[in-house]
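**Student:** With the sequence up front, the predicted model follows.
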Amino acid sequence: MNKSEIRKNLLKIRKKKGLQSLKINFRHIVKILKKNKITSKIIGGYYPYNFEIDANSILNQFERRNYQISLPKVRENSQMDFFHWSTKDPLSINHYGIPEPTSNKILYPGILLVPLIAFDKNLNRVGYGGGFYDRYLKKIKKRKNIITIGLAYSFQKVKKIPINKHDIKLDFVVTENS
């Protein structure tokens, strides 16, 4: 299967399942950070859209532990940056219908929670197909070390994802079962 077919099939399944009650265990993410000696206190997240894993409870817990939170904003030329956000701050809706922070303060996360549609055992991912995360990761990895943690439902794991030279693998994937 190509990426478009994988994307189409899994988006349909994700929408059908009504998975709002499934949660990622925050302790699994903390365990990854401790095991890998990650000390960054800036975490990039996302506001859930289109039946994605809800990262809000995870971001709340990080904020309570004095992490700075940032969310993505899509910019001109299909670029993306992460901007300061607190769980108490308002959001605005971008032209894709995705909530974004209203802040103009760019924060470069050291830990990035990544939404995805599919992943494989080699930590390749399929997103919505715009390449926003791949471009962002290529850019930020020139500035600093960053650890990427994909958040997914266990059914989103597929046998093999076809990759190209622009695709950037995740460092970890956490599901409701891991």
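**Tutor:** Received it, and whenever you're ready, just let me know what you need.

**Student:** Look up the pLDDT of Asn177 for me, please.
**Tutor:** Asn177 is assigned a predicted lDDT (pLDDT) of 86.

**Student:** Please name the nearest non-neighbouring residue to it.
**Tutor:** Nearest in space to Asn177, with sequence neighbours left out and distances taken as Cβ to Cβ, 6 or more residues apart in numbering, is Ser154 at 4.7 Å. No exception for glycine: its C-beta is placed from N, CA and C like everyone else's.

**Student:** what's the span of stretch 156-164 from first residue to last?
**Tutor:** The distance separating the two terminal residues of stretch 156-164, taken as Cα to Cα, to the nearest Å, comes to 20 Å.

**Student:** Give the buried residues for that stretch.
**Tutor:** By 16 or more other Cβ atoms under 10 Å, the buried positions in stretch 156-164 come out as Gln156, Lys157, Val158, Ile161.

**Student:** Local confidence estimate at the residue nearest to Asn177?
**Tutor:** Reported pLDDT at Ser154 in the predicted model: 92.

**Student:** Likewise for Gln79?
**Tutor:** Looking at Gln79, its pLDDT stands at 87.

**Student:** mind listing the strands for the protein?
**Tutor:** According to DSSP state E, the chain carries its strands in the segments 42-44, 68-74, 80-84, 91-93, 99-101, 111-115, 118-119, 125-126, 147-151, 172-174.

**Student:** Looking at the ones you listed, which is nearest to Asn50?
**Tutor:** Checking those against Asn50 by Cβ to Cβ gives strand 111-115 as the closest, at 8.9 Å.

**Student:** Partner strands of that closest one, with direction?
**Tutor:** Sheet pairing here is set by DSSP bridges, and for strand 111-115 it gives strand 42-44 (parallel), strand 147-151 (parallel).

**Student:** Give me the longest helix you can find in the chain.
**Tutor:** In the chain, taking DSSP state H as the definition, the longest helix is helix 3-17.

**Student:** check contacts around the most centrally placed residue in the chain.
**Tutor:** Closest residue to the average C-alpha location of the chain: Val114 at 1.4 Å, with Cα atoms, centre = their mean. Counting by Cβ atoms under 8 Å, 6 or more residues apart in numbering, Val114 makes contact with Tyr46, Arg125, Tyr133, Thr148, Ile149, Gly150, Leu151, Leu170.

**Student:** again with Pro72
**Tutor:** Gly44, Tyr46, Met80, Asp81, Phe82, Phe83, Glu100, Phe132, Tyr136.

**Student:** make it 6 Å
**Tutor:** When contacts are counted by Cβ atoms under 6 Å, 6 or more residues apart in numbering, Pro72 is found next to Met80, Phe82.

**Student:** Many thanks, have a good one.
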